[in-house]
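Peer 1: following is a predicted model, sequence given first.
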Amino acid sequence: MKKILLSVFLAAALGASEYNYEVSAMGGQASSNNAQELKDHNVYGAEIQFNDFGTALKPELSILYSNADYNGKNDDTNIFRTSLNGVYEFQKSNLITPFVKMGVGYETMSNHQFDNHNSAFGDAGAGVKISLAEQIALKLEVIDMLKFNNFNWDNNLLLMAGLNFAFGEKEQPLAPIATTPVVAPVVAQAAPKPEAKPVIPVIAAAPIAITPIDSDKDGVFDSQDKCPNTPTGFKVDAEGCPVKATLHLHFASDSNQIDSTGRSEINGYSQFLKENPAYKVTVIGYTDSTASEEHNQKLSQRRAEAVKKTFIEQGVAEDRLTSMGEGEKFPIATNMTKEGRLENRRIEIELCK
């Protein structure tokens, strides 16, 4: 079993974790390959996985408890198992994330029978996490624990299921700010005459290239731009007038609250709309494919209404504004990655006269 797990582990593509750590409440059953020892018994405990290490292997601390009877006896024993594992997550497929893990641990027993003693063990396992909501998943796993007991190698096989909760969403790196290099003027000196008389140096100005100007950076030069003050982010027509904008606002999970950064971004569009009252505005909300279609439809509508309300608060007349939600329809990126889902969680602003 360990050879199979290791082969799969080395052949897989790297998967990315979206949150800094995960806590799983687990329960299941354990069975031993030694019929003279413990009966099959229930197992309860918790697993904590740390994702913010920048490595393919994620550290996991596992603490498990059991109360088991010895075969042929009424004696029972409390069993505590603590282990430290390395977890490798494969590339997420739709809502399913497969994983494998391997590590070492220590087992203590309150009642020693059949020469069972407190001892170290090695473990290896595999399982899947099935997404139920943005930060909640069903976790299923099988773990093989191998320990040296009474001069024999004993196996304890654990089958477990539980709920996995993810916390601490990772911050996205800021995009680098592009800068325009400054070209210094070229200074040329005249060569001295053969008579070696002093010569006054001549400063030659660098040639100045005349290029078309695009003041609002919308791709249409000022000489042809009929809307020269279009805010950054709008898509424009051939005459430089805006037709649509896409806002990637950082809504919290399952929330339509707009933070101060989002309000500041909306303010630039509000100023343009107040200066150009001929435009009518449709605010359209979108989500990624996480959760059900019905839930995403309602969430996208609430987010569109929140942006509409912000426009009104910033001085745009309400009768110029409409809002609608499209849920997870019309994605502009893949929902298989965190970056793609971030692109799909957006607000689009469509303009018409």
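Peer 2: Everything's here; your move.
Peer 1: can you give me the strands in the stretch 1-150 of the chain?
Peer 2: Here the stretch 1-150 of the chain has its strands, by DSSP state E, counting those that start in this stretch, at 19-32, 41-50, 57-69, 76-89, 96-109, 119-131, 136-149.
Peer 1: now these as TSV including mean pLDDT and distance to residue 227?
Peer 2: C-beta here means a position set from N, CA and C on the backbone, and glycine is covered the same way. Listed next are the strands of the stretch 1-150 of the chain as TSV, based on pLDDT from 0 to 100; distance: least, Cβ to Cβ, whole Å:
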stretch	mean pLDDT	distance to residue 227
strand 19-32	91	43
strand 41-50	93	51
strand 57-69	91	51
strand 76-89	91	48
strand 96-109	93	47
strand 119-131	92	44
strand 136-149	89	47
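Peer 1: can you tell me what sits against the top strand by length along the chain?
Peer 2: Taking DSSP state E as the criterion, the chain has its longest strand at strand 152-169. Contact with strand 152-169 is made by 18-34, 37, 43, 52, 64, 121, 125, 129, 135-148, 253, as judged by Cβ atoms under 8 Å, 6 or more residues apart in numbering.
Peer 1: CSV please, covering the strands of the stretch 1-150 of the chain and showing mean neighbour count and distance to residue 276.
Peer 2: Shown next, in CSV, are the strands of the stretch 1-150 of the chain (neighbours: other Cβ atoms under 10 Å; distance: least, Cβ to Cβ, whole Å):
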stretch, mean neighbour count, distance to residue 276
strand 19-32, 18, 42
strand 41-50, 17, 51
strand 57-69, 18, 51
strand 76-89, 18, 49
strand 96-109, 18, 47
strand 119-131, 18, 43
strand 136-149, 18, 45
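Peer 1: Serialize the ones you listed to a markdown table and add fields for distance to residue 223.
Peer 2: As requested, those are exported to a markdown table (distance: least, Cβ to Cβ, whole Å):
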| stretch | distance to residue 223 |
| --- | --- |
| strand 19-32 | 51 |
| strand 41-50 | 58 |
| strand 57-69 | 57 |
| strand 76-89 | 55 |
| strand 96-109 | 54 |
| strand 119-131 | 53 |
| strand 136-149 | 56 |
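Peer 1: out of those strands, nearest to residue 245?
Peer 2: Residue 245 lies closest to strand 19-32 among the strands of the stretch 1-150 of the chain, at 30.3 Å (Cβ to Cβ).
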